[in-house]
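**Q** please find the sequence and the predicted model below.
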Amino acid sequence: MHFFDGTEYGADGALTLAARALELRAGATPRAALGKRLAAVFLNPSLRTRASMEAATTALGASPQIIQPGKDAWSLEVRKGVVMDGSASEHIADAVRVLGQYADILAVRAFPSLVDLEEDRAEPVLSAFMEHAGVPVINLESALYHPMQGLADTATWLDHLGPDLRGQPITLTWAPHPKALPASVPNQVLLSSALVGMDVTVAHPEGFELDPQLVARAEGLAAAGGGRVRITHDQAGAMKGARVVVAKSWSGFSGYGRREEEAAHRATLGGWTVDQALMDLSDQAGFMHCLPVRRNVVVSDAVLDGPNSWAFEEAGLRLWTAMALLEKMWGGAR
Amino acid sequence: MHFFDGTEYGADGALTLAARALELRAGATPRAALGKRLAAVFLNPSLRTRASMEAATTALGASPQIIQPGKDAWSLEVRKGVVMDGSASEHIADAVRVLGQYADILAVRAFPSLVDLEEDRAEPVLSAFMEHAGVPVINLESALYHPMQGLADTATWLDHLGPDLRGQPITLTWAPHPKALPASVPNQVLLSSALVGMDVTVAHPEGFELDPQLVARAEGLAAAGGGRVRITHDQAGAMKGARVVVAKSWSGFSGYGRREEEAAHRATLGGWTVDQALMDLSDQAGFMHCLPVRRNVVVSDAVLDGPNSWAFEEAGLRLWTAMALLEKMWGGAR
Amino acid sequence: MHFFDGTEYGADGALTLAARALELRAGATPRAALGKRLAAVFLNPSLRTRASMEAATTALGASPQIIQPGKDAWSLEVRKGVVMDGSASEHIADAVRVLGQYADILAVRAFPSLVDLEEDRAEPVLSAFMEHAGVPVINLESALYHPMQGLADTATWLDHLGPDLRGQPITLTWAPHPKALPASVPNQVLLSSALVGMDVTVAHPEGFELDPQLVARAEGLAAAGGGRVRITHDQAGAMKGARVVVAKSWSGFSGYGRREEEAAHRATLGGWTVDQALMDLSDQAGFMHCLPVRRNVVVSDAVLDGPNSWAFEEAGLRLWTAMALLEKMWGGAR
């Protein structure tokens, strides 16, 4: 089974993995996966994701391998049926078919173009991996999802809010940023929190809507899990009662095809920076961000370095949640 | 002993390694080489070679290390006796002398310039490695040879044609490509198939001759092994009776110093693409290519993805043949 | 405890580590550190340092990880309190805080700008690592120091000069080079030799002074250890009586802010190349250089490849001294 959007094991599965991560962090002995191999393909930069996957793999006694097409390996073609007389040396289907014979798990990071909505929605890279790998594929952040981050976030919620996350109020707020960014992280926060039945509020300026297909899916998950999803343009109002505040910048679903206009709009939204005055409106919420974060643009130093910042614990849990997932994928049930 | 052109262990040695690779693929336990270290230096991109060497090394319990001069390490000077006041920070002899003290095996990939024939023939990088390493050196594809590919090809032949390869008809055909490519792969196909006594036909357009020194050497090996080598410009005729068809583009031996002229000539040779109609002329031959492959330029999708394509099995065998070779180099005879 | 400038364990500690390295090279069994992880961050190229750290880590049964911000990971901001609306995606403090949760030791290479003296002296990268890592930090060469090289040099001295290094005459000479280079290596040679009480002579042209703060510190260490430090502009005179000659180019302390002028001056100093005639003035001194070295610019081929060259043994000892240090950091006292 692939791990593509983080809902694959259901709410119970996600909570079990998150709980196991907290056990591992507390000193539980991991179930070894000696002789196993994970090959991780990065089409984009990575610090936490790569470092935590490598560390988790070696912590189980298995061997990680990092591949960067276009840097250390051949550049890849993703279109099907094409006459390959351009710059790409290898078709992604072929590269994946080969790597799947060398490793027990493939993992891949592939950011979206932010140019063509339907292409991004089709997830051409992840789709090719899942179709051709012949072994389980882990999504290390794609156009739409970032499930390894979602698992670490779930473990962070569990650690601070206790075992029953149903109905817990969480607010995801848009934040300023100098560049147009993918929506994979906000999508994932929404999915992962809805999956475990939290009461989710998303605050963003007009024009920065998330993909309505994704929102509808999150609403369905939340309803099934005992929670709900609410969208607002009122950032301050969205803080009321929140026990968790997650900040992230993203490019609007409607921004496809009009990036310059969106950039001009974004430049007027500096007031959305998360600062202490804003956090004070919440119910002593913990502050979360997936990192890397633009300090004093997305969030003030005071909040990020303050006593209610969970961002560094959240990043640390990337290691333990990755171990929990790999344990499960390699070791099966205990 | 170095592994430079794949003939080092003779025909019996190559067949024994190939057979061992098939055993390992079938589940035989590899002989561990705990605590051993392989350092692989890449002066050019790699997917299969790097991934299979890393995986094979860790599969034996040993540790691989990847070094990319000019990217993560210092750029290298290869000329001897030079005053190093240019851009290169380190002499290759010195880098090799150092790395040879850190690892039990060195491996290196170094493509040719395709500009200076005598320089390419001298294999300056591989020569420096073999002279200064102080430990065995494995060629991961040089100007003239690609012996790890040759070993995987031999295992593929063994798997499909049975234990006695003498007299088995194999055809190596030139194929179109947007760029001028080295002849290391066709050279290796020729050497490796001649070594085990196959009946080898090489088909290429006029002007795309292989190095006559190499061809003469292959003829000698074939004669000693019970096979023969035949060169033709008739691609269709070369298919007749073939049990194996290997496709590959290469730059002609005579193309040195006249690349533009060759490129213009190459642009007229689109008809050499291997398609199903061509394959139908053979004796139900398996199709092979070392990958990466330009789809619908070198070979049609239908052939590469068809039931007689051995290309992905061939790539998969890179892992098991690498394990077999490392077992032998590190573990000695059983 | 961090390993920042190589004096952290005192003279006895440095000598003990160097002696242990010689034992390990002679075949002593290393103390395993199974399950431990070292993450090494390279902001600049590296061959020996990276390869020896990786090899030493795996030789102890631990797992190394290499991270290259700006290449495979996010580019880093080093200034504190800044509004991060520029090109850097992540603050170094945050990256370090995260990596310190994934590894048991962090290591980092960060060359100086050679533009701003006070910034270089402040060692912004190393300082951030030591402040935020939460685990021991190893300096893999910074603006001011190169302690892993210093340890290998100490082991080389011990191997050739015997256990008591006090009063042993060593000469560090400036050498020509096409580029302005940091002073980390000469600083380290000075510190490491002074630490163990050697009689140190530094020869350099006028205008290529080392940092007076560093020289004063070395004088203090030498005085405490039974040695002394002498500075001269007379390269030939400095050879007299030397048992060790270390060559290295560096940019002058006073060269900050006037690089073009220094480059013009440097171009007139070709006579400082270390050749056999110069070495003949010494007391059959061994020749050392940290590598990479510009052949026939810094030193002649004849000296570097001659019978009194210790440069390749010195490089080889990088492996064994790294193992000795990691043993100590991970395993504690025996």
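**A** Structure received. Numbering: from 1, shown residues only, chains lettered A, B, ... in the order given.
**Q** C-alpha only now, for contacts and for neighbours.
**A** Will do.
**Q** hang on, A:R230 in a strand?
**A** Yes. When DSSP: H, G, I helix; E, B strand; the rest coil is applied, A:R230 is found to be in a strand.
**Q** thinking it is in contact with A:A194, fair?
**A** No. Using CA atoms under 8 Å, A:R230 is not in contact with A:A194; the gap is 10.9 Å.
**Q** so between these two, which is more surrounded?
**A** Neighbours were counted for A:R230 and for A:A194 using other CA atoms under 10 Å in any protein chain shown; A:A194 has more, 30 against 13.
**Q** tell me the contacts of the more buried one?
**A** A:200, A:218-219, A:221-222, A:225, A:227-229 (CA atoms under 8 Å, 6 or more residues apart in numbering or on different chains).
**Q** so which bits of chain A are right by chain B?
**A** A:35, A:37, A:63, A:65, A:67, A:71-74, A:81-86, A:89-91, A:94-95, A:97-99, A:101-103 (CA under 8 Å from any CA of the partner chain).
**Q** repeat that for 7 Å
**A** Contact residues (CA under 7 Å from any CA of the partner chain) of chain A with chain B: A:35, A:63, A:72-74, A:83-85, A:89-90, A:98, A:101-102.
**Q** in ChimeraX, how would I select just the buried ones from those residues?
**A** Buried residues within the residues of chain A next to chain B, by 16 or more other CA atoms under 10 Å in any protein chain shown, are selected in ChimeraX with:
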select /A:63,72,73,74,84,85,89,90,98,101,102
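**Q** now, the residues of chain A next to chain B that are in strands?
**A** Among these, DSSP state E puts A:63, A:90 in strands.
**Q** check whether the biggest helix by length in chain A comes near chain C.
**A** For chain A, the longest helix by residue count, based on DSSP state H, is helix A:311-331. Yes. Judged by CA under 7 Å from any CA, helix A:311-331 comes into contact with chain C at A:312, A:315-316, A:319.
**Q** what residues does that helix touch?
**A** Residues from elsewhere that reach helix A:311-331 (CA atoms under 7 Å, 6 or more residues apart in numbering or on different chains): A:17-18, A:20-21, A:24-25, A:31, A:33, A:52-53, A:55-57, A:148-149, A:151-153, A:156, A:287-290, C:98, C:101-102.
**Q** can you count the residues close to the closest residue to chain B within the stretch 201-334 of chain A?
**A** The stretch 201-334 of chain A approaches chain B most closely through A:W330 (16.0 Å), counting by CA to the nearest CA. Look at A:W330: counted by other CA under 10 Å, it has 19 neighbours.
**Q** please apply the same query to A:D12.
**A** Around A:D12 there are 12 residues (other CA under 10 Å).
**Q** so which helix or strand takes in it?
**A** Per DSSP states H and E, A:D12 falls inside helix A:10-25.
**Q** need the next SSE after that helix, C-terminal direction.
**A** Assigned by DSSP H and E, the successor of helix A:10-25 is strand A:37-42.
**Q** how about that next one as CSV, C-alpha atoms only?
**A** Taking C-alpha atoms only, strand A:37-42 is exported to CSV below (Å, rounded to 0.1, in the frame of the first residue of the first chain):
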residue,chain,number,x,y,z
ARG,A,37,16.4,-0.5,1.5
LEU,A,38,14.6,2.8,0.9
ALA,A,39,15.3,4.9,-2.2
ALA,A,40,14.2,8.5,-1.9
VAL,A,41,14.0,10.6,-5.1
PHE,A,42,14.1,14.4,-4.6
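**Q** no further questions, thank you.
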